[in-house]
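> Everything below, folded, please.
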Amino acid sequence: QPGQRAGASGQPARPKRRTFTKDYKARILAAYDALPEGSPERGALLRTERLYHSHIEHWRKQRDKGTLTVPAAKPDRNTGADVQDEELARLRAENKKLRDEAAKLEARNEKLSGDLDKTRTALDIAGKAFALLQDISSSADSEQS
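Prediction:
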């Protein structure tokens, strides 16, 4: 196949596994999380970088466990700004994620509130029906006597 060198036996050599630096992983995670959930831009980013969603999931687990922390770079004129930019991107992504969660919880709360109102109305109707049946039953009993 094109792009693969033949080994000593004439068999194509195994492709070399790609490796990613912690800085690259953190940068891609921040960029991915900054994009709207379910947006085509997320897929475009993955295609551009030739990554799979499983990479993102694995790197998130690493970040959450604390094993993806980017080591401090050598002091440089722009390092402070770069670190601040990355932190800002991470915080914006986290903020967006929390807003999305809050919106989902708000929608769920609205749905459950509506369900509660329907249940209260049904119980009220059932109570009135029961009272009506008791009245009918007691008037039928008094007519028989």
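> going forward, measure contacts and count neighbours with C-alpha atoms only.
Noted.
> ok, which stretches of the protein are helices?
Applying DSSP state H to the chain gives helices spanning 22-34, 40-49, 53-65, 79-144.
> Just the buried residues of the second one, please?
By that I understand helix 40-49. Within helix 40-49, the residues that count as buried by 16 or more other CA atoms under 10 Å are Arg42, Leu46.
> and that helix with helix 53-65, angle?
If you take axes from the mean of the first three to the mean of the last three CA atoms, to 10 degrees, helix 40-49 sits at 100 degrees to helix 53-65.
> Please export the C-alpha coordinates of helix 40-49 as PDB.
Written as PDB, here are the backbone C-alpha positions of helix 40-49 (Å, rounded to 0.1, in the frame of the first residue of the first chain):
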ATOM      1  CA  PRO A  40     -20.800  20.100  13.100                       C
ATOM      2  CA  GLU A  41     -17.800  22.200  14.100                       C
ATOM      3  CA  ARG A  42     -16.900  19.500  16.700                       C
ATOM      4  CA  GLY A  43     -16.800  16.800  14.000                       C
ATOM      5  CA  ALA A  44     -14.800  19.200  11.700                       C
ATOM      6  CA  LEU A  45     -12.200  19.700  14.400                       C
ATOM      7  CA  LEU A  46     -11.900  15.900  14.900                       C
ATOM      8  CA  ARG A  47     -11.600  15.300  11.100                       C
ATOM      9  CA  THR A  48      -9.000  18.100  10.800                       C
ATOM     10  CA  GLU A  49      -6.900  16.700  13.500                       C
END
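> and it, how far out from the chain's middle?
Centroid displacement of helix 40-49 relative to its chain, using CA atoms, centre = their mean, to the nearest Å, is 17 Å.
> So, low pLDDT: which residues of the chain?
1-8, 70-80, 145 (pLDDT under 70).
> and among the helices of the chain, the most buried is which?
Mean neighbour count, computed with mean count of other CA atoms under 10 Å, is highest for helix 22-34 among the helices of the chain, reaching a mean of 18.
> Let's have the helices of the chain in JSON lines, adding distance to Gln11.
Below are those laid out as JSON lines (distance: least, CA to CA, whole Å):
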{"stretch": "helix 22-34", "distance to Gln11": "33"}
{"stretch": "helix 40-49", "distance to Gln11": "29"}
{"stretch": "helix 53-65", "distance to Gln11": "29"}
{"stretch": "helix 79-144", "distance to Gln11": "44"}
